[in-house]
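1. Generate a structure from the sequence data that follows.
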Amino acid sequence: MKKRPPLDRSRTGMWAAMRKRQTFRPRDIAFDSGATPDAVQTYIRGLAAAGIIECIERDPPRYSIYQIVHDEGAEAPRVDIRGRRCTRGARREQVVAALRVLGGPVGAEELALVASTDAAPVSAAYAAAICRKLSAAGAVRVVEGARARRWVWMPGAAERAGL
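-> Take a look at the predicted model:
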């Protein structure tokens, strides 16, 4: 018997299941992603309020059929239940992504410069704070001998640290 791959219960997993199906019911997304039906329903309400998906056939809410109207790519849209865009955690994700991309020893100033976007700017102090937390978790290490602190991403360590 084939072993099923591990499920992604996050909004990323729900969004991936929605993109794969194009038209879907909430229960289909719950099954495909492993998320709870309540979590799926909450995310669907937010996406519908934001105009990203629309209901094309109304039955009782659990059996309504939805379709994606505006596909925003592989990254799951961050919306609250009212459809407003959320940026919570975006800066932290930007810092981690920048560390992965840069790969080599990097200081807080250059990390902040690479990780910053117009929507979510990152300061050097914030980048350094995130690096200290990642260092404590074992995902990055401090380069020895550097006057100013410099960090190096440890491939595979993030998965072990739960990031």
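
2. Now do the strand or helix carrying residue 15: distance to the chain's middle.
-> Per DSSP states H and E, residue 15 falls inside helix 11-21. Distance of helix 11-21 from its chain centroid, counting by C-alpha atoms, centre = their mean, to the nearest Å, is 12 Å.

3. and it, which residues are buried?
-> Across helix 11-21, burial judged by 16 or more other C-beta atoms under 10 Å covers 11, 13, 14, 15, 16, 17, 18. C-beta here means a position set from N, CA and C on the backbone, and glycine is covered the same way.

4. what's the closest non-adjacent residue to the fourth one?
-> Just to be clear, that refers to residue 15. residue 76 (3.6 Å; C-beta to C-beta, 6 or more residues apart in numbering).

5. what's the distance between residue 152 and residue 142?
-> 8 Å (C-beta to C-beta, to the nearest Å).

6. brain fart, residue 92
-> Taking C-beta to C-beta, one finds residue 92 at 19 Å from residue 142.

7. more crowded one of the two?
-> For residue 92 versus residue 142, neighbours defined as other C-beta atoms under 10 Å are more numerous around residue 92 (19 against 14).

8. Doesn't that one lie inside a helix?
-> Yes - using DSSP: H, G, I helix; E, B strand; the rest coil, the assignment for residue 92 is a helix.

9. thought it was touching residue 131?
-> No - assessed by C-beta atoms under 8 Å, residue 92 is found out of contact with residue 131, at 11.0 Å.

10. Common neighbours of the two, please.
-> By C-beta atoms under 8 Å, 6 or more residues apart in numbering, residue 92 and residue 131 have no common neighbours.

11. Of all the residues in stretch 94-106, which ones are buried?
-> 94, 95, 96, 98, 99, 102, 106.

12. Adding secondary structure, pLDDT and distance to residue 27, write these out as TSV.
-> Formatted as TSV, the buried residues of stretch 94-106 follow (DSSP: H, G, I helix; E, B strand; the rest coil; pLDDT from 0 to 100; distance: C-beta to C-beta, whole Å):
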residue	secondary structure	pLDDT	distance to residue 27
94	helix	89	34
95	helix	91	37
96	helix	89	33
98	helix	90	38
99	helix	90	38
102	helix	89	42
106	strand	90	45
